[in-house]
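**Q** Next comes the sequence, and after it the predicted model I'd like to discuss.
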Amino acid sequence: MDAFSTKHLVMQAQKKLLSKLASKTMANAFIDDTSSEVLDELYRVSKEYTRNKKEAQKVIKNLIKIVLKLGVLLRNNQFSADELMIVDRFRRRIHTLAMTAVSFYQIDFTFDRRVMATILNDCRDLLHQAVNRHLTAKSHSRINHVFNHFADYDFLTVLYSSSEPYHSHLQKICEGVNKMMDDGNI
């Protein structure tokens, strides 16, 4: 029997196309305004922290690629029942991350970088498990790059400090994340 499948070919083409076109303009075509604003603030705070525009762009570009590829896999029903259970656990963990991030911002003196880093690392591990057989090693390294960047203790400490400009960035990020939770997008 011939192993050729147009559905598989189209999905591969979508993933390849998305990886080549993962720019802010393309992201805006696929995500809502609030998500775009959160990504913009994540870029700004990453650029401020790393003092490296290219590195900050790479982190956000990799994040966009991961999200879009995950969306392609979900939309094309590529996950097995076991993988869908992992994806569901990943979604719930992302929701926990969002609630924790906002809570730490809203309630003074509650921030714990270990808690945030642990949740981010849990999300990374669940995502790796879910997409293990679907994405390339390069995509897996992108997942590591993004989550390792945001789970960095020093980054988290500076982000949740009261110093500017980090506090302003965190305020905008949390306002956006709150709206995304209210809208059911997280």
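**A** Here it is on my side, so go on. Residues are numbered from 1 along each chain as shown.
**Q** Pull out the buried residues from the helix or strand that contains Ser103.
**A** Using DSSP states H and E, Ser103 sits in helix 81-106. Buried residues in helix 81-106, counted by 16 or more other Cβ atoms under 10 Å: 83, 86-87, 90, 93-94, 97-98, 100-102, 104-105. Just so you know, the C-beta spots here come from the backbone N, C-alpha and C atoms, and that holds for glycine as well.
**Q** Now do that helix: which elements does it pack against?
**A** With contacts taken as 3 or more Cβ pairs under 8 Å, 6 or more residues apart in numbering; DSSP states H and E, helix 81-106 sits against helix 113-131, helix 166-182.
**Q** In JSON lines: those, plus distance to Phe155 and mean neighbour count.
**A** Converted to JSON lines, those look like this (distance: least, Cβ to Cβ, whole Å; neighbours: other Cβ atoms under 10 Å):
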{"stretch": "helix 113-131", "distance to Phe155": "9", "mean neighbour count": "18"}
{"stretch": "helix 166-182", "distance to Phe155": "10", "mean neighbour count": "17"}
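**Q** Make TSV out of those helices and add distance to Ser46 and mean pLDDT.
**A** Converted to TSV, the helices and strands packed on helix 81-106 look like this (distance: least, Cβ to Cβ, whole Å; pLDDT from 0 to 100):
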stretch	distance to Ser46	mean pLDDT
helix 113-131	14	97
helix 166-182	9	93
